[in-house]
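S.K.: have a look; sequence and predicted model below, questions after that.
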Amino acid sequence: MEESVDVFKRMAGEKAVDYIEDGMLVGLGSGSTVYWMLKKLGELVEQGLNVNGISSSSLTESWAREFKIPLTDFSDVQLLDLAIDGADEIDPSFHLIKGGGGSLVREKVVNAHSKKLIIVADQSKRVDVLGKFPLPVEVLQFGWQMTANKIVELGAKPVLREENGSVYVSDNGNYILDCAFESIPDPENLHNKLKQLIGVIETGLFFDMVDMVIMGGPEGTVVINKQIYKDLKTSK
Ligand SMILES: O=C[C@H](O)[C@H](O)[C@H](O)COP(=O)(O)O
């Protein structure tokens with residue numbers, strides 16, 4: 001099963017490069033699905049494709065360098081042509097949970113400044129309602145326990161993220177609270193409530209950003225716009 005998921009991720013990631021045109025400035029998202037997009041893009045760059053990338057995490061930056069994808073400093077640009085990113089959950093309205101790998105803040109900044117956003121994912125990411133995946137919320141290290149208590153009042157069970165036995169620290173020097181809500185039927189409302197809490201830097205809820213989803217599954221790779229997506233039967 002695990003093997004199939006990896007194959008589906010690879011299919012979706014590789015397909016996404018079809019939408020990258022010569023001369024584009026491209027937002028490079030994060031995660032294991034995006035990895036395959038980067039690898040394929042590196043091959044196209046080697047064959048002469050002229051693109052510049054903006055990376056959304058330190059890991060993506062190291063992969064982009066490995067695959068010799070030219071990178072540009074974000075402060076030098078205003079608007080990206082296209083961003084390609086992964087997701088942890090995708091609902092029928094194309095609202096997302098992101099941040100499973102810890103890169104939500106930079107991803108959100110990059111994606112919000114792109115003309116178009118394509119999400120690449122394996123089919124297991126499709127859900128009817130967001131929330132089965134604990135929502136990552138990036139918080140200030142200072143007073144994080146107080147911030148966590150406030151999040152409990154919103155109905156979640158926050159867990160301080162750890163990695164290899166240590167507290168996980170994001171690329172931005174913050175902590176991440178993985179917040180299990182029962183379900184998130186109104187992502188914008190929950191996002192707004194969380195953002196009002198002092199100490200919350202950003203949430204992993206992304207809404208009204210996505211133009212297209214490329215999904216890998218047993219039937220191959222499907223490219224989905226919002227309407228088609230709503231009509232698809234969910235896999236969960
Ligand atoms: O922080 C991580 C990002 O939001 C990823 O895009 C997301 O977790 C999906 O990752 P993957 O493609 O590895 O499932």
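M.R.: Now that the structure is in, tell me what you want to look at. Given the structure is predicted, the values throughout are model-derived calculations rather than measurements. Numbers count the residues shown, from 1 in each chain.

S.K.: spit out the contact partners of P218.
M.R.: The contact partners of P218, taken as Cβ atoms under 8 Å, 6 or more residues apart in numbering, are S4, F8, Q123. (C-beta placed from N, C-alpha, C; glycine too.)

S.K.: which among the residues you listed end up buried?
M.R.: Neighbour counting by 16 or more other Cβ atoms under 10 Å classes F8, Q123 among the contacts of P218 as buried.

S.K.: just put the contacts of P218 in TSV and tack on secondary structure, distance to V200 and pLDDT.
M.R.: Formatted as TSV, the contacts of P218 follow (DSSP: H, G, I helix; E, B strand; the rest coil; distance: Cβ to Cβ, whole Å; pLDDT from 0 to 100):
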residue	secondary structure	distance to V200	pLDDT
S4	helix	36	93
F8	helix	33	98
Q123	helix	31	96
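
S.K.: I'd like the contacts of P218 laid out as TSV, including distance to F74.
M.R.: Shown next, in TSV, are the contacts of P218 (distance: Cβ to Cβ, whole Å):
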residue	distance to F74
S4	36
F8	30
Q123	32
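
S.K.: list just the nearest of the contacts of P218 to the ligand.
M.R.: The shortest approach to the ligand among the contacts of P218 belongs to F8, at 10.4 Å (Cβ to the nearest ligand atom).

S.K.: so that closest one touches G220, yeah?
M.R.: No. Applying Cβ atoms under 8 Å, one finds F8 not in contact with G220, separated by 9.5 Å.

S.K.: is V5 in a helix, a strand, or coil?
M.R.: helix (DSSP: H, G, I helix; E, B strand; the rest coil).
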